[in-house]
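Participant: Pasting the sequence and the predicted coordinates here, then a few questions.
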Amino acid sequence: MINVELKDGNIIQVKKGSSLLDVAKEISDGFARSVLVASVDGRMASLNEELNEDVKVSFYRFEDEEGKDVFRHTSAHIFAQALKRLWPEAKIAIGPSIENGFYYDFDLDHKLVPEDLEKIEKEMKKIVKEDLKIEGFEVSRDVAIDMMKKIGEDYKVEMIEDLPEDEVISMYRQGEFVDLCRGPHLQSTKKIKAFKLQSIAGAYWRGDEKNKMLQRVYGTSFEKKKDLDEYLKMLEEAKKRDHRKIGKEMELFMIPEEGPGFPLFLPRGVELKHALMKYWEEIHREDKYVEIETPIMLNRKLWETSGHWFHYKENMYTLEIDEEDYAVKPMNCPGAMIFYKSKLHSYRDFPMRVAERGRVHRHELSGALHGLMRVRAFTQDDAHIFMLPEQIRDEIKGVINLIDQVYTKFGFTYHVELSTRPEDSMGTDEEWAIAEDGLKGALDELGMDYIINEGDGAFYGPKIDFHLKDCIGRTWQCGTIQLDMQLPQRFDATYIGKDGEKHRPVMIHRVCLGSIERFIGILIENYAGKFPVWLAPCQVKVISVSDKYNEYANKVVDRLFDEGLRVELDDRAEKVGFKIREAQLEKIPYMIVVGEKEQENGTISVRSRDEGELDSMEMNTFLEKIQKQISDRENVDMELL
């Protein structure tokens with residue numbers, strides 16, 4: 001008998017030679033049916049692997065990332081097998097699992113069209129029904145090359161030839177299909193029942209534009225059809241909410257041809273940004289942050305001190321001024337260090353909460369650019385907090401509460417992840433213990449649930465990441481809290497302690513919104529452009545029934561403007577119904593229609609985007625209603641979207 005230690009510490013005894021699936025059955029038959037893959041002493045393995053010595057085993061289901069990965073990797077193999085059955089001349093390249101699905105690259109003279117995806121899906125369903133056993137095996141490099149040459153898989157041959165001569169090659173077989181693969185995989189094809197091939201694209205072999213352009217098919221798969229249907233529905237909803245489409249329709253921003261990756265905010269977009277920043281200013285003032293503005297360009301010496309010149313230069317825009325190298329800042333941190341070192345500090349100065357809405361520039365590849373979500377220039381709502389070691393926990397709690405306040409205001413739910421010390425870290429064991437204890441202790445004291453990502457912290461310190469969920473279920477990583485033990489050392493930052501000696505301060509980097517431009521993109525898609533009144537770029541559209549009432553309409557506009565509202569006038573010679581419909585398409589919260597009755601009575605006729613007709617009312621009554629919504633910063637009822 002051998003001992004198998006499970007993730008929870010329990011030990012199960014099984015016969016030598018038992019498979020991982022046998023171990024799962026010892027727990028329960030139901031559990032065995034739900035697991036997809038396992039790890040053996042930290043190494044991922046298929047469930048049919050046999051055990052011959054004492055080991056530690058963890059099992060994974062579809063809800064685990066490890067489970068999704070092996071499920072979708074197996075789905076990719078089923079796709080490739082179906083493709084080869086329909087087009088035997090196809091030469092396959094690589095087919096990994098990716099976030100939310102998988103893809104497979106292949107070389108085929110026939111250019112696939114959407115109708116071909118339906119044929120491939122039909123063949124994939126046949127393979128699933130055949131319940132083909134998936135078997136892994138190992139061969140020598142020479143044998144693997146010979147196998148791939150015999151079946152004409154030139155790309156696989158090239159991949160194997162790039163491996164060391166003494167490398168043992170891992171292969172997987174299902175039915176007639178054999179593929180070069182490290183695995184692991186499911187035990188058979190029968191579990192892959194809910195899948196969808198989504199799109200066709202082009203991809204250069206090995207990502208090199210000098211190589212041949214291959215075809216790539218993207219797909220996704222789930223354990224249950226219900227989950228697949230929900231995911232596909234979410235994707236359709238996401239298309240309708242695309243911030244690039246809505247941003248153009250609502251005249252919020254544009255990406256000029258003259259500056260790919262450099263957003264140009266239009267007047268309405270700037271109003272939206274100002275409303276967001278006014279809220280940001282208020283909550284930071286309440287938490288006693290001071291705000292600075294650091295130079296957008298600094299010399300090479302600074303970037304060498306920070307380490308960016310040696311480790312991040314390929315992402316930086318550099319130039320020469322007066323025969324000296326400079327760089328446009330990709331991050332705000334070094335500028336904050338200049339501010340800190342501009343005068344001597346005492347322990348009495350702490351904590352120092354220093355915020356900056358800093359404009360940064362990073363070189364992104366053109367293919368990665370995506371509206372406001374991935375740009376080359378953006379504003380980061382940074383803050384750098386300098387403190388004593390004993391203040392870490394309270395400061396972390398303060399930042400967590402601020403981030404929670406912001407996300408709650410916009411109606412987002414979120415989950416938290418704590419990433420701990422990586423292998424290539426800097427600093428002593430004692431420093432890391434203090435840092436991790438501070439972050440973990442703050443989360444525990446606030447009673448927050450969190451996921452621990454072992455070894456996934458930054459090399460300079462542990463971090464807390466906030467992953468918010470929007471109204472259609474997508475997650476976005478925005479807020480982060482990073483404890484930095486490197487930058488204060490690199491810049492020799494010190495303070496005078498109670499003992500009169502110099503000491504090193506503790507430093508926290510934190511962002512709440514992250515990239516302000518990206519956060520605006522997220523808000524556009526979350527609200528589908530139907531912003532709450534306090535955030536809407538245009539809060540009220542005044543519509544004149546005809547030219548006879550333009551003078552009164554202008555008086556209404558002036559009154560609203562004087563009260564601080566963002567208001568626009570529509571006095572075009574168009575039918576009033578057309579103008580109302582257009583304002584509705586622009587998702588403006590309130591429309592005020594003025595005609596003969598309103599002019600005679602000195603009233604306004606109000607229509608709400610969310611509540612419908614509100615009839616005629618006095619101006620003061622309307623102002624009281626809308627100003628309360630603005631001052632309370634009421635959120636939108638998501639059921640109305």
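Facilitator: Yep, it's here. Numbering: from 1, shown residues only.
Participant: CA atoms for contacts and neighbours, from now on please.
Facilitator: Noted.
Participant: Please compute how far stretch 492-508 lies from its chain's middle.
Facilitator: What separates the centre of stretch 492-508 from the centre of its chain is 36 Å, taken as C-alpha atoms, centre = their mean, to the nearest Å.
Participant: Contacts for it next, please.
Facilitator: The list of residues contacting stretch 492-508 from outside it, by C-alpha atoms under 8 Å, 6 or more residues apart in numbering, reads 337, 340-341, 344-347, 384-389, 392, 481-485, 488-489.
Participant: If you count neighbours, what's buried in stretch 202-211?
Facilitator: Buried residues in stretch 202-211, counting neighbours by 16 or more other C-alpha atoms under 10 Å, are found at Ala203, Trp205, Arg206.
Participant: now Gly269: how far from Phe253?
Facilitator: As defined by C-alpha to C-alpha, to the nearest Å, Gly269 lies at a distance of 6 Å from Phe253.
Participant: picking that back up, write the PyMOL selection for whichever of the contacts of stretch 492-508 are buried.
Facilitator: What follows is the PyMOL syntax for the buried subset of the contacts of stretch 492-508, where burial is set by 16+ other C-alpha under 10 Å:
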select buried, resi 337+340+345+347+384+385+386+387+388+392+481+482+483+484+485+488
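Participant: And the helices in the stretch 251-400 of the chain?
Facilitator: 267-286, 300-306, 308-311, 333-340, 392-409 (DSSP state H, counting those that start in this stretch).
Participant: tell me which residues in the first one are buried?
Facilitator: Using 16+ other C-alpha under 10 Å as the burial criterion, the residues of helix 267-286 that qualify are Arg268, Gly269, Glu271, Leu272, Lys273, Leu276, Trp280, His284.
Participant: got the angle for it vs helix 392-409?
Facilitator: Here helix 267-286 points in a direction 140 degrees away from that of helix 392-409 (axes from the mean of the first three to the mean of the last three C-alpha atoms, to 10 degrees).
Participant: Could you give the average pLDDT over helix 267-286?
Facilitator: Per-residue confidence for helix 267-286 averages out to 96 on the pLDDT scale.
Participant: The second one too?
Facilitator: Average pLDDT, helix 300-306: 93.
Participant: Show me what it is packed up against.
Facilitator: helix 308-311, strand 324-328, helix 333-340, helix 487-490 (3 or more C-alpha pairs under 8 Å, 6 or more residues apart in numbering; DSSP states H and E).
Participant: Show me how far it is from its chain's centre.
Facilitator: 30 Å.
Participant: one step back: could the helices of the stretch 251-400 of the chain be laid out in CSV, adding distance to Arg572?
Facilitator: Converted to CSV, these look like this (distance: least, C-alpha to C-alpha, whole Å):
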stretch, distance to Arg572
helix 267-286, 20
helix 300-306, 55
helix 308-311, 55
helix 333-340, 50
helix 392-409, 37
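Participant: so which of those comes closest to Glu89?
Facilitator: Within the helices of the stretch 251-400 of the chain, the stretch nearest Glu89 is helix 308-311; the backing value is 44.7 Å (C-alpha to C-alpha).
Participant: what's next to the closest one, contact-wise?
Facilitator: Helix 308-311 is touched from outside by Arg300, Trp303, Glu304, with contacts defined as C-alpha under 8 Å, 6+ apart.
Participant: change it to 6 Å
Facilitator: Among residues not part of helix 308-311, those counted as contacts by C-alpha atoms under 6 Å, 6 or more residues apart in numbering are Trp303.
Participant: Can you say which helix or strand has Phe137 in it?
Facilitator: Here Phe137 is covered by strand 134-140, with elements defined by DSSP states H and E.
Participant: buried ones in that strand?
Facilitator: Counting neighbours by 16+ other C-alpha under 10 Å, one finds that the buried residues in strand 134-140 are Ile134, Glu135, Gly136.
Participant: Packing partners of whatever helix or strand comes next after it?
Facilitator: Note on strand 134-140: by DSSP H and E, the next helix or strand toward the C-terminus is helix 141-150. In this structure, helix 141-150 makes packing contacts with no helix or strand, judged by 3 or more C-alpha pairs under 6 Å, 6 or more residues apart in numbering; DSSP states H and E.
Participant: Go again with 10 Å.
Facilitator: Packed against helix 141-150 by the contact rule (3 or more C-alpha pairs under 10 Å, 6 or more residues apart in numbering; DSSP states H and E) you find strand 134-140, helix 154-161, strand 168-174, strand 177-180.
Participant: which helix of the protein spans the most residues?
Facilitator: Under DSSP state H, the helix in the chain containing the largest number of residues is helix 65-86.
Participant: quick one: contacts of the helix or strand following that one?
Facilitator: Next helix or strand after helix 65-86 toward the C-terminus (DSSP H and E): strand 91-92. Here strand 91-92 makes contact (C-alpha atoms under 10 Å, 6 or more residues apart in numbering) with 80-81, 83-84, 104-109, 151-156, 179, 214-215.
Participant: gap between strand 91-92 and the chain center?
Facilitator: 32 Å.
Participant: Can you name the next helix or strand after that strand?
Facilitator: Scanning forward in sequence from strand 91-92, with DSSP H and E defining helices and strands, the next element found is strand 97-98.
Participant: In its sheet, which strands sit next to that next one, and in what direction?
Facilitator: Strand partners for strand 97-98, identified by DSSP bridges, are recorded as strand 101-107 (antiparallel).
Participant: hang on, Ile630 packs against Phe531?
Facilitator: No - Ile630 is beyond contact range of Phe531, at 11.8 Å (criterion: C-alpha atoms under 10 Å).
Participant: Look up which helix or strand the spatially most central residue of the chain falls in, please.
Facilitator: Geometric centre of the chain, nearest residue: Trp476, 3.7 Å, by C-alpha atoms, centre = their mean. Assessed by DSSP H and E, Trp476 sits inside strand 475-484.
Participant: Keeping just the C-alphas, turn that strand into PDB.
Facilitator: Listed in PDB are the C-alpha atoms of strand 475-484, where the atom choice follows Å, rounded to 0.1, in the frame of the first residue of the first chain:
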ATOM      1  CA  THR A 475     -14.100  40.600 -14.600                       C
ATOM      2  CA  TRP A 476     -11.600  43.400 -14.800                       C
ATOM      3  CA  GLN A 477      -8.400  43.800 -12.800                       C
ATOM      4  CA  CYS A 478      -8.300  47.500 -11.800                       C
ATOM      5  CA  GLY A 479      -7.300  48.300  -8.200                       C
ATOM      6  CA  THR A 480      -4.000  47.100  -6.700                       C
ATOM      7  CA  ILE A 481      -2.000  47.600  -3.600                       C
ATOM      8  CA  GLN A 482       1.700  46.800  -3.800                       C
ATOM      9  CA  LEU A 483       4.100  46.900  -0.900                       C
ATOM     10  CA  ASP A 484       7.500  48.000  -2.200                       C
END
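Participant: How far does it sit from its chain's centre?
Facilitator: On C-alpha atoms, centre = their mean, the centre of strand 475-484 falls 11 Å from the chain's centre.
Participant: so where do the helices sit in the stretch 501-641 of the chain?
Facilitator: Here the stretch 501-641 of the chain has its helices, by DSSP H, counting those that start in this stretch, at 516-527, 550-562, 576-585, 596-601, 619-632.
Participant: any chance of these in CSV, plus mean neighbour count, mean pLDDT and distance to Ile434?
Facilitator: Rendered in CSV, the data for the helices of the stretch 501-641 of the chain read as follows (neighbours: other C-alpha atoms under 10 Å; pLDDT from 0 to 100; distance: least, C-alpha to C-alpha, whole Å):
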stretch, mean neighbour count, mean pLDDT, distance to Ile434
helix 516-527, 21, 94, 32
helix 550-562, 17, 96, 53
helix 576-585, 16, 93, 54
helix 596-601, 13, 94, 68
helix 619-632, 13, 95, 40
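Participant: Which one, of those, ends up nearest to Tyr407?
Facilitator: The nearest among the helices of the stretch 501-641 of the chain, by C-alpha to C-alpha, is helix 516-527 at 11.0 Å.
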